[in-house]
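**Student:** Sequence plus predicted model, see below.
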Amino acid sequence: MKYISEFRSQEAAGVLTKAIAQAANPQRQYRLMEFCGGHTHAIFRYGVQDLMPENVSFIHGPGCPVCVLPIARIDQAIELAERHGVILCSYADMLRVPGGEGSRPAAALPPSMAVGGADSRPAAALPPSVAVAGGRRSLLKAKAQGADVRMVYSTRDALNIARENPERQVVFFAIGFETTTPPTAIALKQAKAQGLKNFSVFCNHVLTPPAMQAILDAPEPVQIDGFLGPSHVSTIIGSRPYETFVAQYHKPVVIAGFEPLDVMQSTLMLIRQLNDGRCEVENEYSRAVSPEGNLKAQAAVAEVFEMRDSFEWRGLGWLDHSALQIRPEYADFDAERRFSLTASDAQDVKGCECPAILRGAKKPQDCKLFGTVCTPENPMGSCMVSSEGACAAYWSYGRLRGSVAAASEVP
Amino acid sequence: MNKPHLPFSSTLDLKTGFVDMTHGSGGRAMAQLIEALFIRHFDNALLRQGNDQASFEVAAGRMVMSTDGHVISPLFFPGGDIGSLSVHGTVNDVAMSGAKPLYLSAGFILEEGFPLADLERIVISMAAAAAKAGTPIVTGDTKVVERGKGDGVFITTTGVGVVPPGVNISGDRAQPGDAVLVSGSIGDHGVAIMASRENLQFSTQIQSDSAALHGLVAEMVAAAPDIHCLRDPTRGGLATTLNELARQSAVGIKIDEAAIPIKPAVQAACELLGLDPLYVANEGKLVCICAAEHAEQVLAVMRSHPLGKDAAIIGTVIDDPNRFVQMHTAFGGNRIVDWLAGEQLPRIC
């Protein structure tokens, strides 16, 4: 496969392995946080850690959009599908993320009180949500019980569903970092231009730089020497936004692509910066990332979204100016305004270490639930759901590296 | 020929007509549908007996029986349709015991409103697949469900076959040291299906590999009667089949990524969709596990057959109490090839 296999070449990996081994100073540690789940996935899928010297370690960051969404927001998505009877469109990984306990979040409002209730299918058409045996609810379980939840590949699919179902309310469950924000912006612009009355967006778009800051601002921050910076995010925002971060926190950042050779090359670049005492933003992913980023995409985002005062992140808590909301000019297409949503106070499963794992403070095998009650078949926390989550990556690819019990192999 | 004609008031409108509830009611309309569609196309002496069962003589030996329900969407896809698939699926399940498949039955669940023209197209395709495989459809059943209670058409087929003497193929017979072979490129069927789903707007030349494999199997067992395991890696793909075999045989399996045949277009489509081709379905491939000393011979036989021309030895069975399937990656590392959790879903960024 042209332009892919070149970045997975075993021969080139051998050269980089040697170069990293030579560059790494045995007198010190190199603790590198790979920000994105895409990096985590590549490290495990290709066995990159195996090729590193002992003193070069990867700390898995929070850059998995599914993983950082708090339970309360998942419960609200379930509420949209169940109580408001909308067609809820979502990217696939989101469907399996466990929400709160089986009980309903607070008392359900009668359907008549729902804003836009006249347009939505009466909630009575659905069986009342019951406590699901086995605890946690998810969109997939809601779907099995009759909610209309649909997996889409793009915002375009969601718009098409809205056009094809003019009598139904269609909500796009928008999640993701800066990478997935422009398509949502375009969908909102199109919906407005076409006067689509039955389409809205449940906006959960979050921002990368505040999350990186939050990790270092934590009361007991994890020891991190440098960052493998987001790649696809940076195709949109460019490399420049990290410069203030680097200046403020004195940690080098190398924008790193998602192929295994990208990760290795970026690791070498970070090691060299640390050896030289440099602290810069470097761009390994120069085939896609420019300093200024994608200006058109930025303009579309700026037109449709504005900064949220504060947003809750799983693992990082409430972070100021860390997420986007829909501008008043697009209020008609904001699901949070169109439908009344309950603020749930659902808690993580007791013992689930997803929050600490998302901060890089713990590894998946430090969690008592890992591989025992929490497996990809029956995830307790979000990190076990997405293939970009650290727990799922450890489970699916990492168990060979010992330490983790084989557990039951029965699917 | 004295066909038992019923006095139908009108002919079945196979151009613009639709399935309605009377086609499953047991009355004249149902008899007409069976006569004008199923008997006409599946045409064989056993079916023409007109009984509720087919009665036939069987050779001495070990019989095998297998059943498979088909609910595929879309019903028509590049390289096949639900009709041909429903024949190949069951023929292959029977053949994976080393048996020669003999007869099939077919149960149709039709949704009210389904176009008769589509149904005929499916039945013709099914008849052609059965004729080509030499496995007549000798008995069947038709039911109609109300609109909205089905998805056009579901087809369940059951097959019987007889195992040649001396052949003992079973998923629990893999032993450490055995060789693992695959009969050709993986993932074709799943990618062809996904490409033809309406919400995925990408075009590809990839065709489903849907095919009946009993001819290939017959030549393999003739050359090496002591093949230990055969299985067709359908749902869940190669990774799932290897995990099933490892669990059943209480062994580990180690495969070499670079040795696994895969078409560049399939690889590219999987990259685009965020799928791992190891988990993508096949409908015309088989996995074979045999003693290492027979591997080259079996491979040569496979490669000389049109359905096995891209066959390859992809790994070995190892001793492993954890029953892990692991893979030496083309990048140079090792990883587990785990059971699939849920459906294989595309990554989102």
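**Tutor:** Nice, I can see it.

**Student:** In space, what's closest to the closest residue to chain A within chain B - neighbours in sequence excluded?
**Tutor:** Proximity of chain B to chain A (CB to the nearest CB) peaks at residue B:333, 1.8 Å away. C-betas here are computed from N, CA, C, even on glycine. Using CB to CB, 6 or more residues apart in numbering or on different chains and skipping the chain neighbours, the partner closest in space to residue B:333 is residue A:47 (1.8 Å).

**Student:** List the residues that contact the one you found.
**Tutor:** By CB atoms under 8 Å, 6 or more residues apart in numbering or on different chains, the contact set of residue A:47 is A:397, B:329, B:331, B:332, B:333, B:334, B:335.

**Student:** buried subset of those?
**Tutor:** Among those, those scoring as buried are A:397, B:329, B:331, B:332, B:333, B:334, B:335 (criterion: 16 or more other CB atoms under 10 Å in any protein chain shown).

**Student:** Is the third one in contact with residue A:10, as I believe?
**Tutor:** To tie it back to what came earlier, the one meant is residue B:331. Yes. Proximity of residue B:331 to residue A:10 meets the contact threshold set by CB atoms under 8 Å, at 5.7 Å.

**Student:** Strands of chain A, residue ranges please.
**Tutor:** A:30-36, A:56-63, A:87-90, A:149-151, A:170-176, A:199-205, A:226-229, A:253-255, A:281-283, A:305-307, A:310-313, A:317-320, A:324-326 (DSSP state E).

**Student:** let me fix that: chain B
**Tutor:** Ranges of strands within chain B are B:62-70, B:76-77, B:80-81, B:100-111, B:137-145, B:153-163, B:179-182, B:229-231, B:252-256, B:287-290, B:312-318, B:325-328, B:334-336, based on DSSP E.

**Student:** what's the angle between the fifth one and strand B:100-111?
**Tutor:** With axes from the mean of the first three to the mean of the last three CA atoms, to 10 degrees as the criterion, the two stretches strand B:137-145 and strand B:100-111 enclose an angle of 20 degrees.

**Student:** how about strand B:137-145: buried residues?
**Tutor:** Buried-residue list, strand B:137-145, by 16+ other CB under 10 Å: B:137, B:138, B:139, B:140, B:142, B:144, B:145.

**Student:** List the contacts of the second one.
**Tutor:** Read it as residue B:138. By CB under 8 Å, 6+ apart, residue B:138 lies in contact with B:44, B:46, B:47, B:54, B:56, B:103, B:104, B:105.

**Student:** Kindly tell me how buried the first one is, as a neighbour count.
**Tutor:** Going back to what we said before, that points to residue B:44. Using other CB atoms under 10 Å in any protein chain shown, residue B:44 has 16 neighbouring residues.

**Student:** wait, it sits on residue B:140?
**Tutor:** No. Using CB under 8 Å, residue B:44 is not in contact with residue B:140, being 11.5 Å away.

**Student:** What is the burial count for residue A:15?
**Tutor:** Residue A:15: 12 surrounding residues under other CB under 10 Å.

**Student:** try residue A:286
**Tutor:** Residues lying near residue A:286 (other CB under 10 Å) number 11.

**Student:** Ok, residue B:169 next?
**Tutor:** So residue B:169, with other CB under 10 Å, has 25 neighbours.

**Student:** Which of the residues in stretch B:223-231 are classified as buried?
**Tutor:** Buried-residue list, stretch B:223-231, by 16+ other CB under 10 Å: B:224, B:227, B:228, B:229, B:230, B:231.

**Student:** neighbouring contacts of that stretch?
**Tutor:** B:95-98, B:164, B:166-171, B:173-175, B:178, B:217, B:220-221, B:241, B:244-245, B:249, B:286-291, B:294, B:297-298, B:301.

**Student:** Go again with 6 Å.
**Tutor:** With contacts defined as CB atoms under 6 Å, 6 or more residues apart in numbering or on different chains, stretch B:223-231 is touched by B:96, B:166-167, B:169, B:171, B:173-174, B:241, B:245, B:286-290, B:294, B:297-298, B:301.
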